[in-house]
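Visitor: give me the fold of what follows.
(2 chains)
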Amino acid sequence: MKLSDATINKECKVLKIDCKKNIKNRLEKMGLTVGVKIKVLRSAPFGDPIIVKVRGFNLALRRSVLQEITVIYD
Amino acid sequence: MTKKIALIGNPNCGKTTLFNNLTGTYQKTGNWTGVTTQVKSAKYVKDNDIDIYDLPGVYSLEANSLDEQSVIDYIRKTPPDVIINVVDGTNLERNLFLTAQLCKLKIPFVIAVNYIDELEDNGIKLDEYALSKLFNVSVVSISALKKIRTDKLINKAISVDTISDQTCDFNIETRAIYNFIEKNIDKIITKKLTRNEKFTQKADNILLSKVFAIPVFVIVMLWVYFISIKFGGVVGQGVNHIILNLTKTIEGFLFKQNVPNILIGLTCDAILKGMATVFSFLPQILILFMFLTILEESGYASRIAFILDKVFRAVGLSGKSVIPLIVSCGCTVTGLSSSRTIENLSERRMTIFLTPFMPCGAKLAVFAWFASVFFDGSALVATSMYFLALTCTAVFGAILKNFKPFKQNNGELLIEIPTLRAPSFHDVLSVLKEKVKDFVTKAGMIVFLVSVGLWFLQNIGPSGYVNGNQKESFLFVIGDMLKFIFYPLGFGNWQASVAIISGTFAKEAVVETLCLICEDYSSIFYNQFSVYAFMAFVLLSPPCVASLATAKRELVKPKWFLGMLIFQFLSAYLVAFTINAIGFFIECNFGLILSVFIGIITLILAITFAIKLKSKRCKLCKVCHSGGKECQNHKKRYTT
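Guide: Here you go, the predicted structure:
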C-alpha cells in the first residue's frame, strides 16, 4: 500500500522508498528510512501537503512524495 | 591563541538562542527551519579569546541543500578547534544522527543537550553518562533559553583537545546509523510526550484543521498588520511632533544667532525634517517586526507554509515561499536571504523575483504617509496595498510559471512542523534591538546622505545658488527629463520623478523627498487614483539598493538579476498604468474601493482557476496532475 492511502493515525512500517535520489536521500537523513514506523497525521486544508509523524517529530510532505513510499500496517 | 568553537545542530534545536546567550550579540532566532542562512561569528562574552560560530541548521553532513553545502564548506575551509553539537533533547532520536556523522570528522566535539528544563519539568530522564558512552564524547545538558549550564558547556568544550577516544566503530551508512541509535535510545532517555507536545497536538487540531486553518491565518495576519499600522501610526505621529517642535526651537535659536540662511536651511529643512519623517515610521516597523518574530518563534510560521503550500504551488511558488514573503513584510533583505531553504531551484528563483513585491517596513511607512495626507488617514488604503501585493504576486507568478526557467517538475517539499513554544521575551527583544540599530544606522547614513544630496541639488542649479526658485535647480532639470516616463501613470511631473529615483536608495526616502521639495502636495497628483498609482509603483518597482545586492547574491547569475530588474519595473509600470486608467474612467472616490475590490476578486479567481487546472488528474493513471490530459509517462507504463 502507498503511504498516501494509509488511514490517518494508524501506524505503518516503511517497506520501500521510490522517490528521486536526492529526495530519498534527504528523507533518509531526516529519519524516514526503510523499516521505520510512520503515521499519517493530517492533510492541509487544501488536501496537500500531508503531515506524517516519524521518529517522534512531524514532517510535512507533498502527496506526490507519499505516493512513492510503500508501507504496510504494523 | 584564539579558539574557534562552532555550533552545529539540526535546524530549530536552539543553536541561535545559545549563540545569543553566549555572545551577547543579537542574532535573529526563530522557531522554523533555516533562520540562520549564513555563518555568523562573535566573541564569547566572558572570554575574548574564544570565537563562537553559529552555523545554519542541518540534518546531515551531506550536501543535500544550500545550507548543508555552506556548513560543509565552512568546516572544510576553516576547521574549528572544537565543535559543540547542539541537540534537541525532546527529539533525540533524529538529532543524534548528525552526532554520529560528526564522529567521522575527526574534530573534537561535545554534545549539548538543549531544553533540559523542559525535559525535567515533564519528568523525562536523560542519562548523560549513557549518551557520552555511546559516542565517547562529553555531554552537557543545558537550557539555552534559561542559561542553565551554558558556561559549563564552554569550559568543557575548551578542555576537550584530543580526539583520541572519539573513534566511532559503527557503520556510517544512513540506515545503520539509525538502527544503532534506535537500539540504544531507550537506555539514554525515557520516551514520553512533554506538556508542550500534548498542547501542540491539541492546538494543531484547530490551527491546521480543514475548517479553521484559513480563517485563523487571515485573522492573525489582519490583526498583526492592523495593530502595526494603527497603533504604530499614533506613536509615530507623536515622535514626528516632538522632532518637528525641536526643529522649530533650533531654527529660532539659530536665527537669533545670525547664522547664515543657507546653514539654517541645511540643518533644519534637510537634516532634521528628513529625520522626523523617517523616525516617525520606526514604531510601526518595530511593532510589525515584534509580531513577525513572535510568529516565527512560536512555530506558527512553518504551519502557515504547510497550510498554504498548495495555493502557492498554483502560482509557481512553494509553501516555503510563504516565509520569505512574510518576512519581507518586515524587510526585503531578510526575506530574500531566507529563500535559501527552498529546495526546488525554479521555486526559489520565482520567490526571489516576487518577494520584493511585498510591502516592507519602509514601504509601509510611505503608504502610511500617503494615507494620512491624501486619504484622511484611512487604514483601508495601507491595508489594500497588502492585497495589491498579494494579487500581483499571484497573477505575475501565474504568468511567470509558464516560462521555461520557472516550470517546476516535481513535488519537493520537506517542512518540519516544530512543537509550538512560547516565544522567548529575550529573543523578541534582541530582534527589536537589532532592528532599532539597523534602522538608526540606515536613517543615519542613507537617508542623511539622500536628504543632504537632495537639498544641494534643490538649491543649486546651472546658474549657482537658486535662492528658493526651484525651477532653476539641478533637481528640476533631472526630474523634468524623466517625467515623460511617468506621464501615462498619472504623475508625470518632476517632483514625483525625483521621489521615485531617491526611493531606489531607500524606500523611506520617497516621502522625505516629497516633503523636502513640495510646498503643496496636491499639485503633484491630479486625483486620488494617480496617488494610488504612485503608491503601487513604489510597491512593485525594484527594491532598495540593499535588497538588490542581496537578490544579486542569491540569484548568482547576472542574467537572472537583470531579468528580475526588468520584470519588476515592467510589472510596476503595468499595474500603475492600469490603476491610473481605471481612475481616468471612474474619477470618483467610490472607484478606489471598487478597484481594491476588483483586485481581490482577480486574486481569488486566479487562484481557484490555477488550482482547478492543477488538480485535474490524468485520465489514465488518475494519480498525476496533468490537467485532464493523458500523461506521457503513464501512457507508456499502462499500455505496455
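Visitor: what does the helix ranked longest in chain A rub up against?
Guide: The longest helix of chain A (DSSP state H) is helix A:21-29. Helix A:21-29 is contacted from outside by A:17-19, A:33, A:65, B:59-60, B:62, B:64-65, B:97, B:174-175, B:343, B:410, B:412, B:414, using CB atoms under 8 Å, 6 or more residues apart in numbering or on different chains. For glycine as for every other residue, the C-beta is placed from the backbone atoms N, C-alpha and C.
Visitor: let's see it at 7 Å
Guide: By CB atoms under 7 Å, 6 or more residues apart in numbering or on different chains, the surrounding residues in contact with helix A:21-29 are A:17, A:19, A:65, B:59-60, B:62, B:64, B:97, B:174, B:412, B:414.
Visitor: same check, this time on stretch B:435-443
Guide: With contact meaning CB under 7 Å, 6+ apart, stretch B:435-443 is reached by B:275, B:278-279, B:282, B:285-286, B:289, B:506.
Visitor: which of those residues lies closest to chain A?
Guide: Checking the contacts of stretch B:435-443 against chain A with CB to the nearest CB, the nearest one is B:Phe289 at 26.2 Å.
Visitor: need phi/psi at the closest one.
Guide: Dihedral pair for B:Phe289: phi -70, psi -40, per degrees, to the nearest 10.
Visitor: could you do B:Tyr53 as well?
Guide: In terms of degrees, to the nearest 10, the main-chain angles of B:Tyr53 are phi -110, psi 130.
Visitor: who touches it in this structure?
Guide: B:Tyr53 makes contact with B:4-7, B:39, B:41, B:80, according to CB under 7 Å, 6+ apart.
Visitor: filter those residues by proximity to chain A?
Guide: Of the residues in the contacts of B:Tyr53, proximity to chain A by CB under 7 Å from any CB of the partner chain holds for none.
Visitor: could you identify the most distant pair in those?
Guide: Maximum pairwise distance in the contacts of B:Tyr53, criterion CB to CB, is 12.7 Å, between B:Ile5 and B:Val39.
Visitor: okay, the two: which has more neighbours?
Guide: Neighbours were counted for B:Ile5 and for B:Val39 using other CB atoms under 10 Å in any protein chain shown; B:Ile5 has more, 22 against 15.
Visitor: now the more buried one, which residues is it bridged with?
Guide: Legend: beta-bridge partners of B:Ile5 under DSSP bridges are B:Ile52, B:Val82.
Visitor: how about the residues of chain A that lie near chain B?
Guide: Proximity of chain A to chain B (CB under 7 Å from any CB) is limited to residues A:20, A:22-23, A:25-26, A:28-31, A:33-34, A:42, A:44-49, A:51, A:55-62, A:64-65, A:67.
Visitor: which stretches of chain A form helices?
Guide: Assigned by DSSP H, chain A shows helices spanning A:21-29, A:63-66.
Visitor: need the winner for burial among those.
Guide: For the helices of chain A, the largest average neighbour count (mean count of other CB atoms under 10 Å in any protein chain shown) is found in helix A:63-66, namely a mean of 22.
Visitor: give me the contacts around that one.
Guide: Contacts of helix A:63-66 (CB under 7 Å, 6+ apart): A:2-4, A:19, A:23, A:48-50, B:411.
Visitor: can I get the residues you listed in JSON lines with distance to B:Lys483 and pLDDT?
Guide: Formatted as JSON lines, the contacts of helix A:63-66 follow (distance: CB to CB, whole Å; pLDDT from 0 to 100):
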{"residue": "A:Lys2", "distance to B:Lys483": "62", "pLDDT": "92"}
{"residue": "A:Leu3", "distance to B:Lys483": "61", "pLDDT": "91"}
{"residue": "A:Ser4", "distance to B:Lys483": "58", "pLDDT": "90"}
{"residue": "A:Cys19", "distance to B:Lys483": "56", "pLDDT": "87"}
{"residue": "A:Ile23", "distance to B:Lys483": "53", "pLDDT": "85"}
{"residue": "A:Asp48", "distance to B:Lys483": "49", "pLDDT": "83"}
{"residue": "A:Pro49", "distance to B:Lys483": "49", "pLDDT": "90"}
{"residue": "A:Ile50", "distance to B:Lys483": "54", "pLDDT": "94"}
{"residue": "B:Gly411", "distance to B:Lys483": "49", "pLDDT": "60"}
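Visitor: most neighbours of all these, which one?
Guide: Among those, A:Pro49 has the most neighbours (other CB under 10 Å), with 28 neighbours.
Visitor: still on that earlier bit, of the contacts of helix A:63-66, which is the nearest to B:Val322?
Guide: Proximity of those to B:Val322 (CB to CB) peaks at A:Pro49, which lies at 12.4 Å.
Visitor: got the contact list for the closest one?
Guide: Contact partners of A:Pro49, counting by CB under 7 Å, 6+ apart, are A:60-63, B:306, B:309, B:319, B:413.
Visitor: do stretch B:289-303 and chain A meet?
Guide: No. On the criterion CB under 7 Å from any CB, stretch B:289-303 is out of touch with chain A, staying 8.0 Å away.
Visitor: could you confirm B:Leu61 falls within a strand?
Guide: No. Assigned with DSSP: H, G, I helix; E, B strand; the rest coil, B:Leu61 falls outside any strand and is coil.
Visitor: so what's the residue count around it?
Guide: Neighbour tally, B:Leu61, other CB under 10 Å: 19.
Visitor: nearest residue to it other than its sequence neighbours?
Guide: Excluding the flanking residues, the one nearest B:Leu61 by CB to CB, 6 or more residues apart in numbering or on different chains is B:Gln101, at 4.6 Å.
Visitor: again with B:Val575
Guide: The shortest distance from B:Val575 to any non-neighbouring residue, by CB to CB, 6+ apart, is to B:Ala536 (5.1 Å).
Visitor: circling back: out of the contacts of A:Pro49, who's the most crowded?
Guide: Highest count within the contacts of A:Pro49 by other CB under 10 Å belongs to B:Phe306, 29 neighbours.
Visitor: give me the mean pLDDT for the helix or strand containing it.
Guide: Element membership for B:Phe306 (DSSP states H and E) is helix B:300-314. For helix B:300-314, the mean per-residue pLDDT is 88.
Visitor: now check the next helix or strand after it, is it near chain A?
Guide: Counting by DSSP H and E, the next helix or strand C-terminal to helix B:300-314 is helix B:322-328. No. Judged by CB under 7 Å from any CB, helix B:322-328 makes no contact with chain A; its nearest approach is 12.1 Å.
Visitor: give me the contacts around helix B:322-328.
Guide: Residues contacting helix B:322-328 (CB under 7 Å, 6+ apart): B:32, B:292, B:301, B:304-305, B:308, B:312, B:334-336, B:338-339, B:351, B:355, B:358, B:360.
Visitor: all strands of the chain, in order?
Guide: As the question left the chain open, I've gone with chain A. Under the criterion DSSP state E, chain A contains strands at A:11-17, A:37-43, A:50-54, A:57-61, A:69-73.
Visitor: let's do chain B instead
Guide: Along chain B, counting by DSSP E, strands occupy B:3-9, B:40-44, B:47-54, B:82-88, B:109-114, B:139-141, B:414-417, B:460-461, B:464-465.
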